[in-house]
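**Q** Pasting the sequence and the predicted model now:
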Amino acid sequence: MASPTDRPLSPHLQIYHLPLTALLSITHRITGVILSLGLVGLVAILLAIAGGGGSYDAIHSFMNGILGQGFTLLWLLALFVHFCHGIRHLIWDTVAGFEPSTLTRHSGWELTAAVMLTLISWFFL
């Protein structure tokens, strides 16, 4: 039986840095949760609109405030990060793009596309 000093030690998280592809995989899961919570918020907004003038005015003023705008912008970013990562998974389904240099390059493209789509949606739509 090997002694505890003979076994290899895993690198500590402060030393080991996950590759961008791994970080995007984690982010994909987080954005899925954010999108689900955003849909609950959308249902709340629709219920407030259906509730009549008082509840509509309250939700309208909240959504036009800095907090509502911030939530909307973050939800849009989550939507496009999730969308772009989904497209990347479709590319992977063709068994293409698994070389390390390609993985890193596509990660950068994915983030750039997500940010650009968010900005285009925010400022032009």
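**A** Everything's here; your move.

**Q** any idea where the strands of this protein begin and end?
**A** Counting by DSSP state E, the chain has no strands at all.

**Q** so what does the longest helix along it touch, helix or strand wise?
**A** The longest helix of the chain (DSSP state H) is helix 20-50. Counting contacts by 3 or more CB pairs under 8 Å, 6 or more residues apart in numbering; DSSP states H and E, helix 20-50 packs against helix 53-64, helix 66-92, helix 100-124. Every residue, glycine included, has its C-beta placed from N, CA and C.

**Q** So for the first one, mean pLDDT?
**A** Okay, so that is helix 53-64. The average pLDDT within helix 53-64 is 94.

**Q** Output the below-cut-off pLDDT ranges for the chain.
**A** 1-9, 11-14 (pLDDT under 70).

**Q** run the last query once more with 90
**A** Low-confidence segments of the chain, defined by pLDDT under 90: 1-19, 97, 100-101, 125.

**Q** ok, Thr27 to Trp122 distance?
**A** 19 Å (CB to CB, to the nearest Å).

**Q** Compare the two (neighbour count), which wins?
**A** Thr27 (19 against 13; other CB atoms under 10 Å).
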